[in-house]
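Enquirer: task: produce atomic coordinates for the following.
(2 chains)
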Amino acid sequence: NAGVTQTPKFRVLKTGQSMTLLCAQDMNHEYMYWYRQDPGMGLRLIHYSVGEGTTAKGEVPDGYNVSRLKKQNFLLGLESAAPSQTSVYFCASTNSDTQYFGPGTRLTVL
Amino acid sequence: SQELEQSPQSLIVQEGKNLTINCTSSKTLYGLYWYKQKYGEGLIFLMMLQKGGEEKSHEKITAKLDEKKQQSSLHITASQPSHAGIYLCGAVPPLIQGAQKLVFGQGTRLTINP
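Expert: Coordinates of the predicted model:
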């Protein structure tokens, strides 16, 4: 039981490049979330999903897209990366009260 | 929208000392979560509080939720180096708890000096 995993762990992009972050969970959770963490701002919700095939916007969705084609996977895409998207990205999942978090992806956009 | 304010933003204590971290909500809380994050790692769930006046303990960490359900405190007794990290409180707004859209405080960075 691996819990919540994220790939990659680190990535450096140039402005305008695209990439996809993968989140996978093996706990059969319905809900999955993508957050970003910036210094002094805690975690902010980007997008979330309440089940396979569904997605919804969170607090800071602009510049990101997501997909939940399979229940266990939640993908976060950046179509045209900007320096403002330099951050640490966390994925989480839950079926009940407790959200379980992945180890994070540190993204730098130059 | 609901906002959470944590205080202090950073805290440096000597090993063995007690400490308290506070989390104040702008609105009544449906649920309040405490997480710990080690530097460069993910979040580890500590405790969840839902009832006014509720108090939970795990090892040397105690969390309380006030009767009005707008403020929570996290107290560490006899701090150890393993307690160092960033502590975050998270809350589920009352009307949308079904989607579990957590709102987080900005975090408190705890350093334990030997």
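Enquirer: contacts and neighbour counts: CA atoms only from here.
Expert: OK.
Enquirer: mind listing the residues bridging to A:L21?
Expert: Taking DSSP bridges as the rule, A:L21 bridges to A:L76.
Enquirer: for the residue of chain B most remote from its centre, which non-adjacent residue is spatially closest?
Expert: Farthest-out residue of chain B from its mean C-alpha position, per CA atoms, centre = their mean: B:P114, at 23.2 Å. Nearest residue to B:P114 in three dimensions, chain neighbours excluded: B:E15, at 5.2 Å (CA to CA, 6 or more residues apart in numbering or on different chains).
Enquirer: touching, that neighbour and B:A78? I think so.
Expert: Yes: assessed by CA atoms under 8 Å, B:E15 is found in contact with B:A78 at 7.1 Å.
Enquirer: if you rank every helix and strand of chain B by mean pLDDT, what lands last?
Expert: Ranked by mean pLDDT, DSSP states H and E, the weakest helix or strand in chain B is strand B:103-104, scoring a mean of 88.
Enquirer: pull out the buried positions in the helix or strand just after it.
Expert: Scanning forward in sequence from strand B:103-104 by DSSP states H and E, the next helix or strand is strand B:108-113. Within strand B:108-113, the residues scored as buried using 16 or more other CA atoms under 10 Å in any protein chain shown are B:108-112.
Enquirer: hey, what's A:L13 bridged with?
Expert: Taking DSSP bridges, one finds A:V109 as the beta-bridge partners of A:L13.
Enquirer: gap between it and A:T20?
Expert: 11 Å (CA to CA, to the nearest Å).
Enquirer: cool, A:L110 as well?
Expert: 17 Å.
Enquirer: A:G53 now?
Expert: For A:G53, the distance to A:T20 equals 17 Å [CA to CA].
Enquirer: which one's more surrounded, these two?
Expert: A:T20 (15 against 12; other CA atoms under 10 Å in any protein chain shown).
Enquirer: next up, the contacts around the more buried one.
Expert: By CA atoms under 8 Å, 6 or more residues apart in numbering or on different chains, the residues touching A:T20 are A:75-78.
Enquirer: who in chain B is up against chain A?
Expert: By the rule CA under 8 Å from any CA of the partner chain, the part of chain B lying against chain A is B:41-45, B:48, B:88, B:99-107.
Enquirer: rerun that using 10 Å as the cut-off
Expert: Within chain B, the positions adjacent to chain A are B:4, B:6, B:9, B:31, B:33, B:35, B:37, B:40-48, B:86-90, B:92, B:97-109 by CA under 10 Å from any CA of the partner chain.
Enquirer: which residues does the closest residue to B:S10 other than its chain neighbours bridge with?
Expert: Spatial nearest neighbour of B:S10, chain neighbours left out: B:R109 (4.5 Å); criterion: CA to CA, 6+ apart. Beta-bridge partners for B:R109, by DSSP bridges, are B:S10, B:I86.
Enquirer: ok, B:R109 - contacts?
Expert: Shown in contact with B:R109 (CA atoms under 10 Å, 6 or more residues apart in numbering or on different chains): A:40, B:7-12, B:21, B:36-39, B:84-88.
Enquirer: cool, A:G63 as well?
Expert: Listed by CA under 10 Å, 6+ apart, the contact partners of A:G63 are A:46, A:77-82, A:84-85.
Enquirer: and the residue nearest the centre of chain A, how far from chain B?
Expert: Centroid check for chain A by CA atoms, centre = their mean gives A:W34 as the closest residue, at 3.3 Å. As judged by CA to the nearest CA, to the nearest Å, A:W34 and chain B stand 10 Å apart.
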